[in-house]
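**Student:** Take a look and give me a structure for this.
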Amino acid sequence: MLGEAEFATDEEAVSFAPPPECGAEVTDDVRFTGAHLVRATRAELLSRLAEYGIHPE
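**Tutor:** Numbering: from 1, shown residues only. Next up, the predicted model:
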């Protein structure tokens, strides 16, 4: 699952604590933007997730 959060101020963004269910912070990884995700194969997605230590079953 991919989640997204938006903030009105930089202070809100800095103070945000993601829930423990969040597996990785991918904000700066363009491969996880909509345009890239929609074109990615399952193998590519699994490889990207593995780089973040996530190994779905």
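
**Student:** so where do the helices sit in the protein?
**Tutor:** 10-15, 34-37, 42-51 (DSSP state H).

**Student:** Out of those, which gets nearest to residue 26?
**Tutor:** helix 42-51 (8.5 Å; C-beta to C-beta). Where you see a C-beta, it was placed from the backbone N, CA and C, and this is true even at glycine.

**Student:** Tell me which residues of that closest one come out buried.
**Tutor:** 48-49 (16 or more other C-beta atoms under 10 Å).

**Student:** contact partners of that helix?
**Tutor:** Helix 42-51 has contacts (C-beta atoms under 8 Å, 6 or more residues apart in numbering) with 24, 29, 31-32, 37, 40, 55-56.

**Student:** Over to stretch 23-38?
**Tutor:** Contacts of stretch 23-38 (C-beta under 8 Å, 6+ apart): 2, 18, 40, 45, 48-49, 52-54.

**Student:** can you put these in TSV and add distance to residue 8 and pLDDT?
**Tutor:** As requested, the contacts of stretch 23-38 are exported to TSV (distance: C-beta to C-beta, whole Å; pLDDT from 0 to 100):
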residue	distance to residue 8	pLDDT
2	22	83
18	18	89
40	31	97
45	31	95
48	30	96
49	30	95
52	28	94
53	32	93
54	30	93
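
**Student:** so which two of those residues are the farthest from each other?
**Tutor:** Going by C-beta to C-beta, the pair spanning the contacts of stretch 23-38 furthest: 18 and 40, at 22.8 Å.

**Student:** For residue 55, see how far away the residue nearest to the spatial centre of the chain is.
**Tutor:** The chain has residue 26 as the residue nearest its centroid, 3.7 Å off, counting by C-alpha atoms, centre = their mean. Taking C-beta to C-beta, to the nearest Å as the measure, residue 26 falls 16 Å from residue 55.

**Student:** Just give me the neighbour total for residue 29.
**Tutor:** 13 (other C-beta atoms under 10 Å).

**Student:** Which pLDDT value goes with it?
**Tutor:** pLDDT recorded at residue 29 is 95.

**Student:** Tell me how many other residues surround the residue nearest to residue 54 when sequence neighbours are not counted.
**Tutor:** Spatially, and ignoring its direct neighbours in sequence, residue 54 is nearest to residue 23 (4.9 Å; C-beta to C-beta, 6 or more residues apart in numbering). By the measure other C-beta under 10 Å, the count of residues near residue 23 is 13.
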